[in-house]
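[1] what shape does this take:
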Amino acid sequence: MSSFEIFWERFSTPGTLKSVLTGLQNTAAIAVFGLILGFLIGCIIATVKIIPSQNIFVTILKRLADAYIAVFRGTPMMVQLLLLHFAVFIGVNIPPVAEVSLIFGLNSGAYMAEIMRSGINSVDKGQMEAARSLGLSYFTAMIRVVLPQAVKNAVPTIGNEFISLLKETSIVSVIGLADITRAFKAIADSTFEYFIPYIALALIYFVLVMIISLIIKLIERRLKKSEKR
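    Residues are numbered from 1 along each chain as shown. The predicted model follows:
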């Protein structure tokens, strides 16, 4: 039998197909929920970093935000995953996918903070001044006026962050979580044929990334059309 036939015979069994689908579901869930949490954290931290205030409390928050970004951007995702899983979440009754999504969200939040800060800075300062002149508070104006425009400007970069998160999920198998990478590794280990399974795995990631890229492009086109109206 050829390498492909050996791979297909193993891949097409009900148990293997189930593990692949479960792994694919977990991979997608971690990437999606990680991005959502990272976006929320990023918006909060970006807002804190650009608050024009010399208040001591705000200054402390800014220093904490800088420290958060420095730690999560300055250490490998693998180290963060292992450290938080074995040192923080060990013994905590939380579903594995939720735990890993939280860890990935914390990591993504550091990158999203800088993405959103750049997006906010790209919005004309007159927008904030106009909103404040209408009686809106700083935070209300930020949420209703500035942030929506910042998100529009940051859509391509947010899309890149989503793609990075999706690809980084390939490391979660080190803590025993059933993801798509672990499913194909199991096929390779059981057949002692490594080339075809890992090529198939690479193709799946490639297709997922192409789908995300297409969705991002469609969103960009939609936003451009809405701006012209």
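[2] mind listing what the residue nearest to the spatial centre of the chain touches?
    Centroid-nearest residue in the chain, with C-alpha atoms, centre = their mean: L35, separated by 3.3 Å. By C-beta atoms under 8 Å, 6 or more residues apart in numbering, the residues touching L35 are 105, 108, 158, 161-162, 165. Placement of C-beta: from N, CA and C, glycine included.
[3] and it, what element?
    Following DSSP states H and E, one finds L35 within helix 14-50.
[4] how distant is that helix from the center of its chain?
    Centroid separation between helix 14-50 and its chain, computed with C-alpha atoms, centre = their mean, to the nearest Å, is 5 Å.
[5] so which of the contacts of L35 wins on neighbours?
    Within the contacts of L35, S108 tops the neighbour count with 29 neighbours, counted by other C-beta atoms under 10 Å.
[6] test my guess that that one contacts G42.
    Yes - S108 lies in contact with G42 (C-beta atoms under 8 Å); the separation is 7.4 Å.
[7] circling back: let me know the closest of the contacts of L35 to R132.
    I158 (26.7 Å; C-beta to C-beta).
[8] now do the same contact list for the nearest residue to that closest one once chain neighbours are set aside.
    Nearest residue to I158, sequence neighbours excluded (C-beta to C-beta, 6 or more residues apart in numbering): I115, at 6.3 Å. Residues counted as contacts of I115 (C-beta under 8 Å, 6+ apart) are 42, 154, 157-158, 161.
[9] low-confidence ranges in this protein?
    Across the chain, the ranges flagged by pLDDT under 70 are 226-229.
[10] quick one: the helices in it?
    Under the criterion DSSP state H, the chain contains helices at 3-11, 14-50, 56-74, 77-83, 96-121, 125-133, 138-141, 147-168, 180-191, 195-228.
[11] so what's the gap between the fifth one and the chain middle?
    Right, the one you point to is helix 96-121. Chain-centre distance of helix 96-121: 6 Å, with C-alpha atoms, centre = their mean.
[12] now that helix: buried residues?
    Buried positions in helix 96-121, judged by neighbour count with 16 or more other C-beta atoms under 10 Å: 96-97, 99-117, 119-120.
[13] and if you look at the longest one?
    Taking 16+ other C-beta under 10 Å as the neighbour-count basis, helix 14-50 is seen to contain the buried residues 16, 19-20, 23, 26-27, 29-31, 33-35, 37-39, 41-49.
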